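A.B. asks: Provide a 3D model corresponding to the input given below.
(chains A and B)
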Amino acid sequence: AQKITQTQPGMFVQEKEAVTLDCTYDTSDPSYGLFWYKQPSSGEMIFLIYQGSYDQQNATEGRYSLNFQKARKSANLVISASQLGDSAMYFCAMWGNQFYFGTGTSLTVIP
Amino acid sequence: NAGVTQTPKFRILKIGQSMTLQCAQDMNHNYMYWYRQDPGMGLKLIYYSVGAGITDKGEVPNGYNVSRSTTEDFPLRLELAAPSQTSVYFCASSYSDFSGSYNEQFFGPGTRLTVL
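C.D. replies: This is a model prediction of the structure:
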C-alpha cells in the first residue's frame, strides 16, 4: 500500500510568487515524522523541513513552511518568494516504522 | 566531517556479477539506510540499520544483503546482478535517541549502477 502520495508530477511558479506542493500520507501509527527533501538536477538529496506527528504548530524553516493537517493526513510544503534556484524535484517522506518516499513533484520557477 | 561517503560513484555490471557498494559516515549516527531511486521515481528503502549488528528489511530488499559490523560502515551487497537492479543507490544516516522525535537524514552523493 502506498504510504505517501504526491499528486502533482510537475508545477510551475513565477519567480517571487508562493507555491504549494501537495503531500498526503497513510499510516495507522500514532507517532510518525514527515519530511520534505529537495533534489536538484545534480542529484543530491537536501533536507528542507520536518514535522512530527505530535507537533502542535506547523514547522517553518526560512522560506519553507509545512502545512500540517493531521485529520486530513496532509503535509503540504509551501515555498514563499520562489527563486530560480528552487527549480528541482521535491519529495515528501514519512518515517513510521521505516521511511517511505513519494514519487516527487518537479518544480520549475519561471523568471 | 566528510558526512556520508559512498563508493564507487559509477559502476557497470554484467548480469550475474556481484558487487558491494560501500557507505561510511563519520557523524556517529546510529541509523543508516540504503535506498534505490529508479528514473523519475522517488526513493525506495532497501535495508536499514538502527545500530551495529542490527539490520532490517525495507520496502524492496530482494536481491540485496547488508551487514553493519561498525557504527561507521554499512555496505550493500548485490548478488547475481539483474537488469532490474539498474538504479541510483543512495546511502543515508541519521541520529535518533528513540524518544519519539525524528531527525533529518544525511545523504551520500549516490552510486549510479547499470546492469547489462
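A.B. asks: need the three-state assignment for residue A:85.
C.D. replies: Here residue A:85 is recorded as helix under DSSP: H, G, I helix; E, B strand; the rest coil.
A.B. asks: now do the strands in the chain.
C.D. replies: The chain I'm using is chain A. A:4-5, A:10-14, A:19-21, A:24-25, A:33-39, A:46-52, A:60-61, A:64-69, A:74-79, A:88-95, A:99-101, A:105-110 (DSSP state E).
A.B. asks: my question was about chain B, not that one.
C.D. replies: B:4-7, B:10-13, B:19-25, B:31-37, B:43-51, B:54-57, B:64-66, B:76-78, B:87-94, B:106-107, B:111-115.
A.B. asks: can the ones you listed go into TSV with extra columns for distance to chain A and mean neighbour count?
C.D. replies: Using the backbone N, CA and C atoms, a C-beta is placed for each residue, glycine as well. Listed next are those as TSV, based on distance: least, Cβ to the nearest Cβ, whole Å; neighbours: other Cβ atoms under 10 Å in any protein chain shown:
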stretch	distance to chain A	mean neighbour count
strand B:4-7	10	18
strand B:10-13	12	14
strand B:19-25	14	19
strand B:31-37	7	25
strand B:43-51	4	21
strand B:54-57	8	14
strand B:64-66	14	19
strand B:76-78	16	18
strand B:87-94	7	24
strand B:106-107	4	21
strand B:111-115	9	18
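A.B. asks: show me the one of the strands of chain A that comes nearest residue B:103.
C.D. replies: Ranking the strands of chain A by distance to residue B:103, with Cβ to Cβ as the measure, places strand A:46-52 first at 7.8 Å.
A.B. asks: would you give the sheet partners of the closest one, along with the direction of each?
C.D. replies: Paired neighbours of strand A:46-52 in the sheet (DSSP bridges): strand A:33-39 (antiparallel).
A.B. asks: picking up where we left off before, any chance of a markdown table for the strands of chain B, columns mean pLDDT and distance to residue A:51?
C.D. replies: Listed next are these as a markdown table, based on pLDDT from 0 to 100; distance: least, Cβ to Cβ, whole Å:
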| stretch | mean pLDDT | distance to residue A:51 |
| --- | --- | --- |
| strand B:4-7 | 96 | 23 |
| strand B:10-13 | 96 | 35 |
| strand B:19-25 | 97 | 25 |
| strand B:31-37 | 95 | 19 |
| strand B:43-51 | 94 | 19 |
| strand B:54-57 | 95 | 24 |
| strand B:64-66 | 97 | 29 |
| strand B:76-78 | 97 | 29 |
| strand B:87-94 | 95 | 16 |
| strand B:106-107 | 92 | 19 |
| strand B:111-115 | 96 | 30 |
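A.B. asks: present those as TSV; the columns should include distance to residue A:32.
C.D. replies: Formatted as TSV, those follow (distance: least, Cβ to Cβ, whole Å):
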stretch	distance to residue A:32
strand B:4-7	24
strand B:10-13	35
strand B:19-25	24
strand B:31-37	15
strand B:43-51	15
strand B:54-57	17
strand B:64-66	24
strand B:76-78	26
strand B:87-94	15
strand B:106-107	20
strand B:111-115	29
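A.B. asks: how about those strands, which one is nearest residue A:97?
C.D. replies: Minimum separation from residue A:97 across those (Cβ to Cβ) falls at strand B:54-57, 9.0 Å.
A.B. asks: where does chain A get nearest to chain B, residue-wise?
C.D. replies: Residue nearest to chain B within chain A: residue A:33 (3.3 Å; Cβ to the nearest Cβ).
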